[in-house]
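> quick one, structure for this:
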Amino acid sequence: MEECFEQLKEYIQNRIFIETESSSLKECLTQYYKTRMIFFHENPLYQKIFCEAVIMPPAHLKSEITHRRKALENMNIQILEQFLSKISLRDRFQQSEVAKLFVQFLNFMDLQSRTTENHVLDLQEYEQRGQVIMDIFLFGVVKKETI
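From the prediction side, this is the model:
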């Protein structure tokens, strides 16, 4: 499990910063999720471990998984902060605050996935849901011209 988190972290770190330097925020977010899916496609065993450990963790391992996942979570916060530097946030928000809140929101969504009756989860569906959540979280659901 720890190796899965570490390999995913290294894979993303080695690709995401290079590939997103001159991209827009939306392009960066798309690339981030694509990078994760490519990693899991290339490493199907890690995909299984990730799904079982992060999305549907055994109750007796939850605290250990949370602890071992921390470095990956911190990297995700750093990446999101880098992405957020491409846009202007409203005055009352800081990049670090928004990034941490988003990670907390994703953790909440993971918890919701665990409490559904159907415990079978498709990783591609999970990643696509993450993209939709990120889009709504950052850009809202209201068209600017209607505000």
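
> Glu27 sits in which helix or strand?
helix 25-42 (DSSP states H and E).

> buried set for that helix?
Leu25, Lys26, Cys28, Leu29, Thr30, Gln31, Tyr32, Thr35, Arg36, Phe39, Phe40 (16 or more other C-beta atoms under 10 Å). In this view, the C-beta of every residue, glycine as well, is placed from N, C-alpha and C.

> for the protein, name the helix or strand with the lowest mean pLDDT.
helix 95-115 (a mean of 77; mean pLDDT, DSSP states H and E).

> returning to that earlier point: after the helix holding Glu27, next one along is what?
Assigned by DSSP H and E, the successor of helix 25-42 is helix 44-50.

> same question for the helix or strand following that next one, mean pLDDT?
Next helix or strand after helix 44-50 toward the C-terminus (DSSP H and E): helix 62-84. Mean pLDDT, helix 62-84: 87.

> contacts for helix 62-84?
1-2, 5-6, 8-9, 12-13, 16-17, 20, 25, 28-29, 32, 53-54, 57, 95-96, 98-100, 102-103 (C-beta atoms under 8 Å, 6 or more residues apart in numbering).

> make it 6 Å
Contact with helix 62-84 is made by Glu2, Phe5, Lys9, Ile16, Leu25, Cys28, Ala53, Pro57, Gln95, Ser96, Ala99, Val103, as judged by C-beta atoms under 6 Å, 6 or more residues apart in numbering.

> filter those down to the buried ones, ChimeraX style.
In ChimeraX, this line selects whichever of the contacts of helix 62-84 come out buried by 16+ other C-beta under 10 Å:
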select :5,9,16,25,28,53,57,95,99
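
> quick one: the contacts of helix 62-84 as TSV, columns for distance to Met75 too.
Formatted as TSV, these follow (distance: C-beta to C-beta, whole Å):
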residue	distance to Met75
Glu2	14
Phe5	10
Lys9	5
Ile16	9
Leu25	18
Cys28	15
Ala53	16
Pro57	19
Gln95	15
Ser96	14
Ala99	11
Val103	11
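
> burial measure for Val98, as a count.
18 (other C-beta atoms under 10 Å).

> then Leu80?
Should you count by other C-beta under 10 Å, Leu80 turns out to have 23 residues around it.
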